[in-house]
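**Student:** With the input below, show me the fold.
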Amino acid sequence: MEGQILKKPKILCLHGFRTSGSFLKKQISKWDPSLFAQFDLEFPNGKYPAGGKSDIEGIFPPPYYEWFQFEKDFTVYFNLEECISYLCEYITTNGPFDGFLGFSQGKVLKEHPPIKFFISISGSKFRDPSICDVAYKDPIKAKSVHFIGEKDWLKLPSEDLASAFDKPLIIRHPQGHTVPRLDEASTSQLRNWITDVGVSVCEQEEKKSENGSKLEVNGTNEDKGVKGVELNEGSEPIEVVQT
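**Tutor:** Numbering: from 1, shown residues only. Just a heads-up that it's a prediction; the model follows:
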């Protein structure tokens, strides 16, 4: 509409287990800053103070936080419902958010408000069957990009999470469980994906303004769980795969 100032699309960025929003912001700063210039990024802290030792102690200053707790095999979760309620309240109060960016343990639940895109870094699926039957029953239609490391201890769960989405973009890298440095080729691929997402979001918002209708898209989100954090890994070749 003429004279209308369109707000930047907003991305909710969720940090890893026993780290912080500030730490994830530091991790993302390894990427070309122009990639997210068209978005507003928010980096909240987890609901709970870290209940144990953080893997980034001595690397990045405290305090550290966690979103919920889990057993080692990731089949039993604690305070998960409280975490979902906390995030939904945060989204309602501070949103709307057009997309999520999250590091590590994936969380894709229907209870979340609808989003349009999802950026997963070392994300993984829940293994509790009662959650899987709800969260991954149908292919998730939101646009998604998934960073998967060859040396990541959560490589296979990351593959599983990507398979839950419809036509995901997969960016493979030779590093471990970390936010990888991006070479020129992978930066270009991510930039093209982000540009496409940005254009799509703007078009959808314009249609909503014209038609007064609500957009319905499956919701997604992901976060938590960091192990073997790598801050100074080199810029190695990254394979980009469209599935």
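**Student:** now the helices for this structure?
**Tutor:** For the chain, the helices defined by DSSP state H cover 21-28, 80-94, 129-135, 155-163, 184-211.
**Student:** lowest-confidence stretch among these?
**Tutor:** Looking at the helices of the chain, the lowest mean pLDDT belongs to helix 129-135 (a mean of 58).
**Student:** right, and the helices of the chain - which one's nearest Ile171?
**Tutor:** helix 184-211 (5.7 Å; Cβ to Cβ). In short, each C-beta sits where N, CA and C put it, glycine included.
**Student:** still on that earlier bit, make CSV from the helices of the chain and add distance to Ser122 and mean neighbour count to it.
**Tutor:** Formatted as CSV, the helices of the chain follow (distance: least, Cβ to Cβ, whole Å; neighbours: other Cβ atoms under 10 Å):
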stretch, distance to Ser122, mean neighbour count
helix 21-28, 11, 20
helix 80-94, 19, 15
helix 129-135, 18, 14
helix 155-163, 6, 19
helix 184-211, 15, 15
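**Student:** Switch those helices over to CSV, and while doing so, append distance to Phe36 to every line.
**Tutor:** What follows is these, written out as CSV (distance: least, Cβ to Cβ, whole Å):
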stretch, distance to Phe36
helix 21-28, 8
helix 80-94, 17
helix 129-135, 26
helix 155-163, 21
helix 184-211, 7
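**Student:** Minimum distance to Ser144: which of these has it?
**Tutor:** Here helix 155-163 is closest among the helices of the chain (Cβ to Cβ), at 7.4 Å.
**Student:** helices or strands up against that closest one?
**Tutor:** With contacts taken as 3 or more Cβ pairs under 8 Å, 6 or more residues apart in numbering; DSSP states H and E, helix 155-163 sits against strand 99-107, strand 117-124, strand 143-149.
**Student:** try 6 Å
**Tutor:** Counting contacts by 3 or more Cβ pairs under 6 Å, 6 or more residues apart in numbering; DSSP states H and E, helix 155-163 is packed against strand 117-124.
**Student:** Give the pairing partners of the strand it packs on; include direction for each.
**Tutor:** Sheet pairing for strand 117-124, assigned by DSSP bridges, gives strand 99-107 (parallel), strand 143-149 (parallel).
**Student:** So which of the helices of the chain is nearest His173?
**Tutor:** Closest approach to His173 among these is made by helix 184-211 (7.4 Å; Cβ to Cβ).
**Student:** before we move on, back to that, need the winner for burial among the strands paired with strand 117-124.
**Tutor:** strand 99-107 (a mean of 27; mean count of other Cβ atoms under 10 Å).
**Student:** mean confidence score for that strand?
**Tutor:** On average, the pLDDT along strand 99-107 is 75.
**Student:** Okay, Gly52 and Arg18: tell me how far apart.
**Tutor:** Counting by Cβ to Cβ, to the nearest Å, the separation of Gly52 from Arg18 is 7 Å.
**Student:** So which of those two has more stuff around it?
**Tutor:** More crowded of Gly52 and Arg18, by other Cβ atoms under 10 Å: Arg18, with 26 against 9.
**Student:** any chance you could read off phi and psi for that one?
**Tutor:** When read as degrees, to the nearest 10, the backbone of Arg18 gives phi 60, psi 40.
**Student:** residues in contact with it?
**Tutor:** Arg18 makes contact with 50, 54, 64, 66 under the criterion Cβ atoms under 6 Å, 6 or more residues apart in numbering.
**Student:** Try it again at 8 Å.
**Tutor:** Counting by Cβ atoms under 8 Å, 6 or more residues apart in numbering, Arg18 touches 50-56, 64-66, 226.
**Student:** How about Leu190?
**Tutor:** 31, 35, 145, 171, 182.
**Student:** still on that earlier bit, the helices of the chain: which one's closest to Gly123?
**Tutor:** Across the helices of the chain, Gly123 has its closest neighbour in helix 155-163 (4.8 Å, Cβ to Cβ).
**Student:** and the closest one with strand 143-149, angle?
**Tutor:** 170 degrees (axes from the mean of the first three to the mean of the last three Cα atoms, to 10 degrees).
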